[in-house]
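K.L.:
could you look at this predicted model? Sequence included:
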Amino acid sequence: MTAPIEKTDEPALKKTISIKVWGVGGAGCNAVSALDASALEGVHILAVNTDSQALEATAAANKLVLGAKRTRGLGAGGDPELGRASAEDDLGKMSAFCADADIVFLLAGLGGGTGTGAAPVLARKARESGALVLAIVTMPFEFEGARRQQQAQSGLQLLKIAADAVICLPNQKLFKLLDEKTSVVDAFKISNALLAEGLHGIWRLLTRTGLINVDFADLCSVTRGRHAASCFATAEASGDRRAEQVVEKLLAHPLLDGGRVLSDSDAVLVSLVSGPDLTLVEIDKMMEPLKRQCENAHIIFGAVIDEQFAHRLAVTVIASCREPQPARENAGSKASSLHFLDATTDARPPTRATPPPPEMTLEQKQQLFKTQSAKDRKRVSHRQKELPLEIVFKGRFEKSEPTIRHGEDLDLPTYIRRGVPLN
Amino acid sequence: MFDSSSIIVGLEIGTSKICAVVGEINAANNLNIIGVGQARSRGVRKGEIADAAAAEEDVRNAIVEAEQMANVEIRSVYLGVTGNHVRGFNNHGVHPVVSADREITQEDVQDVIKNAKAINLPADNSVVHAIRQHFQVEEQNGILNPVGMYGARVEVDVHVVHGHVNRLKNSIAVVKGLQLEVDEIVFTGLASALALLSNEQKELGSLVIDVGGGTTEFVVYCDGIIKHTGVLAVGGDHVSNDLAYGLKVPMNRAEQLKRDHGAAVLDAAVKGQTISAPAELGLVPKTINLEHLRRIMSLRLQEIFELIERELSHLGFLERLRGGVHICGGGARIPQIEALAESVFQLPACPARTNSISGLKSALDQPEFATAIGLVKFGSLQQKRRPANGLTGGLKKTLADLFKA
């Protein structure tokens, strides 16, 4: 059985760097399909899967079936070992795609067979042929079960060794982005869109010549050698207050754990894209809170002017930290699952809109506290006068001082205050 | 005739009844309850005097009854006070030890307690109790008596119960109007806890809830000391009032229905049941839905407990109450009240019995008398603590009586 290999050659690139995007496995292929090929000009997109049927449905320009002999194009069946073996079988075919690549983006969903097994093999191959390999992967939802989580974790470990950088999107964090009515299809769409968004941001960063340039080398310095999962987030805003808004959005971004990831990271790349109307003040307004947030980090800042982004401001942040990241990742995902149960308790990140409390001496504080408590006491005694409209007759307690606790007049029957009907 | 100094009388002017309990310290220095007098209370609302003349008359009746039963003449009483204005909080006092050898003396202890009592109360409030909790000598914590210890600094935690001066005076005035002396005023919740809890229960951590007619007092004991006190001006009267409103019956009938058919928990068995209130005392016969009655009642009682639970859990005491919840006052007579308390507090609960005092079994077994018995016990403790004072006080009184006669 021979695998169908389609190949449409794009016009030769006149760019100094050549970028390739590989979608590996089911999730990877879906993410690649979600990419807007027209927006990523000069990018060579390839979809790789062990499942020929799924690959057929992919909208990517180039497709490759892995391990056709081994799996007969039927997929890896959730077995990473099979995915790995399939990839190693067809490594020779991949070399054609690796040739002269400077950067390879690997998009994959970890936890399954192909993505988990094949992605590290392909990453190693691409890296051997001299490309910088950036893997952008999703981690499975918690409901997908412990086994898939485990597979995903071991796949991530392998990928961290094989690729230069891994940017990780735990799907569980998506819950923060979703509401109750979001369908499963939409949820995965959002997941794919986020992958695509991250890719887009990095691509923009690398290809557009910037006002303040961030290049390939900068990206390497943030990601390379840090065998830890990096996080990325993109935010966009427009209008008069776009600089403030974009920072607020960024700090509230679920993928950054409300800005906590930023404060833990030791290298942060901030890339900003805007139209020609971008002012220096705006840059300052935007960077100031970010700088405060990641005070321990080495910040690399880039700004790009793009005509398409007139009146808009888009920021991509890639944050990575050195060693304790894996442990923190776990803690983060646990915390996030708790938060998602009780989203309202999530502490708001500091914003420019709410200034920090004024500096006060202990004396002043005590004074403030005293006056407040005095006011409170007065309010209690005033409250009885403020209740002229008494619908319920209080019977015996009509004339006596009302008993008020937590703002409720306890002299009124409890069942009335609680609205319990007596039918 | 008994020596007057050995007679201790506790007087509680409650919302639903006025209760005087006479105790005697016998030769073996044990407290013995020898007389009880009670009268229906008419002049009190929510634990505070609303009609001084009526209250005075009722107090007189109760005192006379107690005098007759105990065969003593009552001259002074320990008076229970309560009301919405009574509050309790913990305070801390510090005192440097000035003597050269740094030995802590009785004076130092008195000074540090004085410091702890010097608190910023609202202008018209005064301290009812300042109960010492634990001393701390320098960094050493949990000291019960620091006299004779060495240290540069002695500190103390006190629990302060305070109330509005004029409103406290109101009940004192009623007693004084009857030519009776007030030995001391005592917060009724504290008195109930004294009567009910054994030392082990105080050590374990216990919550005493006195569900009275107009007020509900609660006291928390942990590690043998009072940690928290509070008053909620909601009680059995509110239950009756709710029933009168909800079932559309007069107040006295609501009261009767509460006693005859009330329960703290709404069980499935009462669903759809009705009771017929017979025609009596000029009231028309009426059919009453038992489910409604129970529902109104259980909601109110549950709310009382929930308010207490909220306060205590906020202060972090609930985990420390291994001795459980002890319920006294007229509310303890409500069927299944302990089941309700158990479900709200998630702690074992029981209707409390007065222990550690001997005497009239009929009085000791009634949960309503816990406060007045506790007042007597408080008095006996005061006299034991200061025997000299008691003696001179007694002497003074006998002299005064001689002159009067």
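P.N.:
Now that the structure is in, tell me what you want to look at. Numbering: from 1, shown residues only, chains lettered A, B, ... in the order given.

K.L.:
chain A contacts on the stretch 1-150 of chain B?
P.N.:
Taking Cβ under 8 Å from any Cβ of the partner chain as the criterion, the stretch 1-150 of chain B approaches chain A at residues B:45, B:46, B:50, B:84, B:122. The way it works is simple: take the backbone N, C-alpha and C, and place the C-beta from them, glycine included.

K.L.:
give the full set of residues in contact with the third one.
P.N.:
Okay, so that is residue B:50. By Cβ atoms under 8 Å, 6 or more residues apart in numbering or on different chains, the contact set of residue B:50 is A:400, B:43, B:44.

K.L.:
before we move on, the earlier item: so which of the residues of the stretch 1-150 of chain B next to chain A is the most crowded?
P.N.:
residue B:46 (27 neighbours; other Cβ atoms under 10 Å in any protein chain shown).

K.L.:
hmm, that residue is touching residue A:396, no?
P.N.:
No. Under the criterion of Cβ atoms under 8 Å, residue B:46 lies out of contact with residue A:396, with a separation of 9.6 Å.

K.L.:
anything in contact with each of these two?
P.N.:
Counting by Cβ under 8 Å, 6+ apart, the residues touching both residue B:46 and residue A:396 are residue B:237.

K.L.:
can you check the pLDDT for residue 8?
P.N.:
Answering for chain A, as no chain was given. The score at residue A:8 is 43. That number is its pLDDT.

K.L.:
oops, wrong one, chain B.
P.N.:
Taken from the predicted model, the pLDDT recorded for residue B:8 is 92.

K.L.:
would you mind confirming that it makes contact with residue B:379?
P.N.:
Yes. With contacts defined as Cβ under 8 Å, residue B:8 counts as touching residue B:379 at a distance of 3.8 Å.

K.L.:
can you pull the residues that touch both of those two?
P.N.:
Counting by Cβ under 8 Å, 6+ apart, the common neighbours of residue B:8 and residue B:379 are B:23, B:78.

K.L.:
so what's residue B:303 up against?
P.N.:
The contact partners of residue B:303, by Cβ under 8 Å, 6+ apart, come to A:410, A:414, B:234.

K.L.:
7 Å instead?
P.N.:
Contacts for residue B:303 were tallied using Cβ atoms under 7 Å, 6 or more residues apart in numbering or on different chains; they are residue A:414.

K.L.:
what helix or strand is it located in?
P.N.:
For residue B:303, the host element (DSSP states H and E) is helix B:290-315.

K.L.:
and that helix, which residues are buried?
P.N.:
Going by neighbour count (16 or more other Cβ atoms under 10 Å in any protein chain shown), the buried part of helix B:290-315 is B:290-305, B:307-309, B:311-312.

K.L.:
could you pull out the strands in the stretch 201-350 of chain B for me?
P.N.:
Along the stretch 201-350 of chain B, counting by DSSP state E, counting those that start in this stretch, strands occupy B:206-211, B:216-222, B:225-232, B:274-277, B:286-289, B:324-328, B:349-351.

K.L.:
okay, those strands, which one's buried deepest?
P.N.:
The highest average neighbour count among the strands of the stretch 201-350 of chain B, using mean count of other Cβ atoms under 10 Å in any protein chain shown, belongs to strand B:206-211 at a mean of 29.

K.L.:
mind listing the strands that strand pairs with, and their directions?
P.N.:
Strands adjacent to strand B:206-211 in the sheet, as given by DSSP bridges, are strand B:216-222 (antiparallel), strand B:324-328 (parallel).

K.L.:
export the ones you listed as TSV, with columns for mean pLDDT.
P.N.:
Shown next, in TSV, are the strands paired with strand B:206-211 (pLDDT from 0 to 100):
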stretch	mean pLDDT
strand B:216-222	94
strand B:324-328	93
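
K.L.:
so for residue A:141, which of these sits nearest?
P.N.:
For the strands paired with strand B:206-211, distance to residue A:141 was read as Cβ to Cβ. The smallest value, 44.9 Å, belongs to strand B:324-328.

K.L.:
tell me the phi and psi of the residue sitting nearest the centre point of chain B?
P.N.:
Compute the mean C-alpha point of chain B, and by Cα atoms, centre = their mean the closest residue is residue B:188, 2.2 Å away. Dihedral pair for residue B:188: phi -60, psi -30, per degrees, to the nearest 10.

K.L.:
distance of it from residue B:375?
P.N.:
The gap separating residue B:188 from residue B:375 is 8 Å, by Cβ to Cβ, to the nearest Å.

K.L.:
overlap in contacts of the two?
P.N.:
Counting by Cβ under 7 Å, 6+ apart, the common neighbours of residue B:188 and residue B:375 are B:12, B:80.
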